[in-house]
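Visitor: Take a look and give me a structure for this.
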Amino acid sequence: MRATGKKSVKLEDIKRILAENKKRLQEKYGIKEIAIFGSFARGDETSKSDIDILLEFERPIGWEFVDLCEELENLLGLKVDVLTKNALMSKPALWESIRKDIVYV
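Guide: Numbering: from 1, shown residues only. Predicted coordinates:
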């Protein structure tokens, strides 16, 4: 089942959808790890919230990153903001501010 912007999407829905598609996404994009952070992970999302997703890759994916973000939005039915773990680790203050909220899939 696909989440839509008209339904009330919850963390469990997001985790389920990502888990159901994890193997395929890993094979297609070389994803090593998928996690959710931000308002959905904390449980304080609103109807205007996007889904913050943290990804770690086995290899550089270049322009495929754009395709992946679009695919995630289509799967989840909401706007997604995607950060890579490598980018986040280069910003220690940002990493510390979200680390406690991370929910791994």
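Visitor: only C-alpha atoms for contact and neighbour calcs from this point on.
Guide: OK.
Visitor: Which parts of the protein are helices?
Guide: Using DSSP state H, the helices assigned to the chain run over residues 11-29, 39-42, 64-76, 85-89, 92-99.
Visitor: can you tell which of the ones you listed is closest to Glu56?
Guide: Minimum separation from Glu56 across these (CA to CA) falls at helix 85-89, 5.2 Å.
Visitor: That closest one packs against which elements?
Guide: The contact analysis (3 or more CA pairs under 8 Å, 6 or more residues apart in numbering; DSSP states H and E) places helix 85-89 against strand 51-57, helix 92-99.
Visitor: Given the shortest one, what are its sheet partners and their directions?
Guide: Going back to what we said before, that points to strand 51-57. Strand 51-57 has the following sheet partners, assigned by DSSP bridges: strand 31-37 (antiparallel), strand 80-84 (parallel).
Visitor: what about the worst-scoring helix or strand of the chain on mean pLDDT, distance to the chain center?
Guide: Lowest by mean pLDDT, DSSP states H and E among the helices and strands of the chain is helix 85-89, with a mean of 91. On the basis of CA atoms, centre = their mean, to the nearest Å, helix 85-89 sits 14 Å off its chain's mean C-alpha point.
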